[in-house]
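Novice: Give me the fold of what follows.
(2 chains)
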Amino acid sequence: MGFDGERSGGSIIRLIDNTLTSFDYNLPSKEDLYAFSEYLFTIGVDAVELSVKAYERMAKLRDDRKYILDIEFADEILSYPGFYRYVCHQEVHDENRIFELQMNDSREIVKLRALRSCKEIRIVGLDDIMCHESYEKYFNEIINFLPRSTIILNPENTFGCASAIAMQWATDFGSNITTSFTGCKNNAATEEVLMALRLAVRYKPNRDLTMLPEMTNLYEKITGKIVSNKKPIIGKNIFMVEAGIHADGINKNPATYEAYDPCLVGGKTVLVVGKHSGTRAVRLKLEELGLPELENEIVEKLLNHIKDICTENRKSLCDEEFINLVREVTDNEGDQIHR
Amino acid sequence: MKETKYIVDTTLRDGEQSPGIALQIEDKVKIAALLDELGVYEIEAGTPVLSASEEEGISRIIENKQNAKISVWSRMNIMDVQKSIRCKPDIIHIGTPVSYIQIYSKLKKNKVWVIKSILECVDIAKSNGIEVTVGLEDSSRSDIGFLLSIIKELRIAGVDTIRVADTVGVLTPKRTKELVETIKANTDIRIEMHVHNDLGMAVANSIVGARAGAELIDCTLFGIGERTGNCNLYDFVHACDSVFQFAMSYKQIRHVEQQVYTELKGAM
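Specialist: Predicted coordinates:
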């Protein structure tokens, strides 16, 4: 028996999130830990992995959820009974124990030969598996070395490929993966893998991801870290659009320039006016802000002003700046007309 | 012996399209000079039709260039191509929508119109002695049959290089491999990979694309670009410089990043 099923390609994908093993140095309140773990289950994580410290802070866990405890040695299990699984850093062959093995690069895969009797094993690392020869060859080697084991892959992100490795392993090879929110444990990012699986193989398409912005806020509050504005899926600026061709395309049909509907992840398209905007974007912005329609000639003038000002200030315009500029240009035009 | 791969840097075009920044002429000239010195094969310098100032910036980059090829981006539109020709770049890159959603929903045209339009644009640029690359926009969501047929027409028209553009960033490594391998197996066109990072897979997809046969890889400094950005130049070279031969090391890229951080930070 493995982690809820078979482990070859085509079987049910199972995702463990280990974010709650990363908060030990700045342990949040019990309420925040609960809230964060509930968010993880809501977005589609199958099991949440906890550190002992996080578990002790939470004190009681919901019976209808799958929790995994991260321990150093197998004998610690006696002190913490009742978990769905235990991740141990020493070789174990018992039910409900996942042996975690660090493999810094793909040359170490051959060492798996000696671990054929492990029932369940988690391989951490293999950052470089996408960088060398065919990654499929390495994935097949792993499976061939451990024909009877459930293999959970927890790829690390030294080369920026962890989410791709996790996603590809889950869909075509081993089904079981470990990730963390934002990839904060230097592994694959849970939200990226969930969205990639959703788009590629319609994995859990009915899961509600709209709370990702609140989840990100909670993550920032707990860790004191700021998530990058451009972070896939959860970055604050990822649905901003400025380029004329894109603004026009999105207005006609959002799917032309967006991989998925921003509403799915609690976001929305934001039209920004700047150096790369065209007349269409200016008109759309006027409409969005409830400003009156302008003649073509005035829109052209306005656009030229926008481009000059944005280039001079090296940035796009905020709505307030746009409104002021519209007033400036239309007042000027008015003066000229009345003269 | 490692296989050589060529970097096409699009910081000054796709990178600058990221909301939040607007580069001045001096900024663009400075960044282009650093990229040229770094050993970038091609610098996509901008979009001439944007403004007179953009055109001037591109012309200054072309005047100052040392070894890099300088390309400009153009819509599939004769007026735009003519404006690009005025800048006298080494390459005009013409963005050509190839997915049905782009052709029928955005342009409200059809496949025949797309092929006719791109061939007209190619002809105008080539008759002015300028090399053309064609960017197959939204390749990742296109019908492979149409993709191959347009590539065959382009080859006949004398186009040597096409850009496989994952415009909305939905490729995965497996799909990337299939796509590039299919184009390689059916045509003799040179392939340039252009991916976006919407699913956090831009570096992995670029590596897999390069392995499958793409010779040129599009990147940007700091990975800036539309939405979540493009393939990050530093991350890409760092990830695969043990496999491919590049004109630069990732440490040199970091050094360039340090010198242009102020100009580009608005896009991060």
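Novice: what are the bridge partners for B:V132, then?
Specialist: B:V132 has the following beta-bridge partners by DSSP bridges: B:I92.
Novice: Next, count neighbours for it.
Specialist: Residues near B:V132, counting by other CB atoms under 10 Å in any protein chain shown, number 25. Yep, even glycine has a C-beta here, placed from its N, CA and C like the rest.
Novice: doesn't B:V122 make contact with it?
Specialist: Yes. Using CB atoms under 8 Å, B:V132 makes contact with B:V122 at a distance of 5.1 Å.
Novice: okay, which residue is most central for chain A?
Specialist: The residue lying closest to the centre of chain A (CA atoms, centre = their mean) is A:E191, at 2.8 Å.
Novice: So that residue belongs to a helix, correct?
Specialist: Yes. Per DSSP: H, G, I helix; E, B strand; the rest coil, A:E191 lies within a helix segment.
Novice: right, and it touches A:V45 too?
Specialist: No. With contact defined as CB under 8 Å, A:E191 does not count as touching A:V45 (10.2 Å).
Novice: related to what we said a few turns ago, skipping its backbone neighbours, what lies nearest the residue nearest to the centre of chain A in space?
Specialist: A:I233 (4.3 Å; CB to CB, 6 or more residues apart in numbering or on different chains).
Novice: Now do the same contact list for the one you found.
Specialist: Going by CB atoms under 8 Å, 6 or more residues apart in numbering or on different chains, A:I233 touches A:A189, A:E191, A:E192, A:M195, A:L212, A:V265, B:L199, B:G200.
Novice: Tabulate those residues (JSON lines), appending distance to B:I78 and pLDDT.
Specialist: Below are the contacts of A:I233 laid out as JSON lines (distance: CB to CB, whole Å; pLDDT from 0 to 100):
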{"residue": "A:A189", "distance to B:I78": "44", "pLDDT": "98"}
{"residue": "A:E191", "distance to B:I78": "43", "pLDDT": "98"}
{"residue": "A:E192", "distance to B:I78": "41", "pLDDT": "98"}
{"residue": "A:M195", "distance to B:I78": "39", "pLDDT": "97"}
{"residue": "A:L212", "distance to B:I78": "44", "pLDDT": "98"}
{"residue": "A:V265", "distance to B:I78": "40", "pLDDT": "97"}
{"residue": "B:L199", "distance to B:I78": "36", "pLDDT": "97"}
{"residue": "B:G200", "distance to B:I78": "38", "pLDDT": "97"}
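Novice: Of those residues - the most surrounded one?
Specialist: Counting neighbours by other CB under 10 Å, B:L199 comes out on top of these with 33 neighbours.
Novice: How about chain A: which residue is closest to chain B?
Specialist: Nearest residue of chain A to chain B: A:A164, at 3.3 Å (CB to the nearest CB).
Novice: How many neighbouring residues does that residue have?
Specialist: Neighbours of A:A164 (other CB under 10 Å): 31.
Novice: so where does the closest residue in space to B:T187 that isn't next to it in sequence fall, helix or strand?
Specialist: Take B:T187 and drop its neighbours on the chain: the residue closest to it by CB to CB, 6+ apart is B:I151, 4.8 Å away. Assigned by DSSP states H and E, B:I151 belongs to helix B:144-156.
Novice: Pull that helix out as PDB, backbone CA atoms only.
Specialist: Only the C-alpha atoms of helix B:144-156 are listed here, as PDB (Å, rounded to 0.1, in the frame of the first residue of the first chain):
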ATOM      1  CA  ILE B 144       0.000  22.000 -35.100                       C
ATOM      2  CA  GLY B 145      -1.200  21.400 -38.600                       C
ATOM      3  CA  PHE B 146      -1.700  25.100 -39.200                       C
ATOM      4  CA  LEU B 147       1.600  25.800 -37.500                       C
ATOM      5  CA  LEU B 148       3.500  23.500 -39.800                       C
ATOM      6  CA  SER B 149       1.800  24.800 -42.900                       C
ATOM      7  CA  ILE B 150       2.600  28.400 -42.100                       C
ATOM      8  CA  ILE B 151       6.200  27.500 -41.400                       C
ATOM      9  CA  LYS B 152       6.400  25.800 -44.800                       C
ATOM     10  CA  GLU B 153       5.100  28.900 -46.500                       C
ATOM     11  CA  LEU B 154       7.600  31.000 -44.600                       C
ATOM     12  CA  ARG B 155      10.500  28.800 -45.600                       C
ATOM     13  CA  ILE B 156       9.500  29.300 -49.300                       C
END
